[in-house]
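S.K.: what's the 3D shape of this:
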Amino acid sequence: MTGTSVELFEYSLGWLKQEGWAIVSLEECLERLASNDQSRRYAVLTFDDGYWDNISVALPILERNNAPFTMYVPTAALTRTMQCWWLGLRELFRSRDDVTIDAMGMRFHCHDLESKRLALTKVDQWVHQDYRRAEMLAQTFSDAGISLSRLNSQYFLDRGALQELSRHPLASIGGHTTSHAALATIDTTSARAELADNRNYLENLLQLPVRHHAYPYGACGVREEHLAKEAGFATAVTTRHGQLGTDRLNQFALPRIGVGSAFDSEISFAARMNGVQLAAQTLLAGRSHRQPAARDVSGRGRATVS
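M.R.: Next up, the predicted model:
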């Protein structure tokens, strides 16, 4: 559950139950949408990347609430080759008070938790502006003695743990590309391989069908939607905020509601789930004649809502 607190996660599940929401699997969600079942509001819980604490921390909470969930896993997390730059940055700022990011031409002096958090956020946003910049951090990590392979082992499930999780009655495993690539930034041949190879790898490992996909960073467009369908997935989720509906439903661009930003709270979660925040954003967008973009930091718990 990297990215959200235990307290907020437990509150979120409790709030859903208290407000009369059913927590259903993604497969059941699709069945309800197909039959236009409007008897009760329902939510789907999803997790990106396959972190160890999804099992050690989140799973017992999910079990207590009998809450099904989908976990989207990139191949490279399991093979310990993923360029998990966000974890490298977190380790960099955690272990040092003075940090130089040569690729940005910036030096950060951060001697307390708040200044470290603000500096980390600034670098994180810099990468999210162009995901190709992540490669420019490799020398910084090397100079600081930070091994991304070691961080893979520290933070992400291994193959045996994922196999065991896939047999849990509440769990479903989905695809998340081979390398956790921002698909919209790479050529069509590479994007197609990222999707298909990841699905094949997971199906061979788990001996189960892998029907659902999450676009890393939410970086997707019409091309990526077509490629996900071509690769054999039944759905694909984005980081776009919104609620599901049967009108013009695009199963390869499903919205999600994020739980776990640094500024998240019980009040903001309830506002998003009730549609208050989305309505306000839409109103503001109409006034400014532009649609605000929503970005995701990998590894956060999600509720896909209908």
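S.K.: identify each buried residue in stretch 90-100, please.
M.R.: Across stretch 90-100, burial judged by 16 or more other C-beta atoms under 10 Å covers R90, E91, L92, F93, V99. (C-beta placed from N, C-alpha, C; glycine too.)
S.K.: mind listing which of the residues you listed are in helices?
M.R.: Judged by DSSP state H, helices contain the following of the buried residues of stretch 90-100: R90, E91, L92, F93.
S.K.: and the helix or strand hosting T189, average pLDDT?
M.R.: For T189, the host element (DSSP states H and E) is helix 188-206. Helix 188-206 comes out with an average pLDDT of 98.
S.K.: who's in contact with that helix?
M.R.: Here helix 188-206 makes contact (C-beta atoms under 8 Å, 6 or more residues apart in numbering) with 73-75, 78, 159, 162-163, 166, 173, 175-179, 181, 183, 186, 209-210, 213, 223-224, 227-228, 230-233.
S.K.: restrict that helix to CA atoms and write it as PDB.
M.R.: C-alpha atoms of helix 188-206 as PDB (Å, rounded to 0.1, in the frame of the first residue of the first chain):
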ATOM      1  CA  THR A 188       3.800   1.100 -31.600                       C
ATOM      2  CA  THR A 189       5.900  -2.100 -32.000                       C
ATOM      3  CA  SER A 190       7.400  -1.600 -28.600                       C
ATOM      4  CA  ALA A 191       4.100  -0.800 -26.900                       C
ATOM      5  CA  ARG A 192       2.500  -3.800 -28.500                       C
ATOM      6  CA  ALA A 193       5.200  -6.000 -27.100                       C
ATOM      7  CA  GLU A 194       5.000  -4.500 -23.600                       C
ATOM      8  CA  LEU A 195       1.400  -5.400 -23.400                       C
ATOM      9  CA  ALA A 196       1.400  -8.900 -25.000                       C
ATOM     10  CA  ASP A 197       4.700 -10.100 -23.500                       C
ATOM     11  CA  ASN A 198       3.500  -9.100 -20.000                       C
ATOM     12  CA  ARG A 199       0.200 -10.900 -20.400                       C
ATOM     13  CA  ASN A 200       1.900 -14.000 -21.700                       C
ATOM     14  CA  TYR A 201       4.500 -14.000 -18.900                       C
ATOM     15  CA  LEU A 202       1.800 -13.700 -16.200                       C
ATOM     16  CA  GLU A 203      -0.400 -16.300 -17.700                       C
ATOM     17  CA  ASN A 204       2.500 -18.800 -17.900                       C
ATOM     18  CA  LEU A 205       3.600 -18.000 -14.400                       C
ATOM     19  CA  LEU A 206       0.200 -18.200 -12.800                       C
END
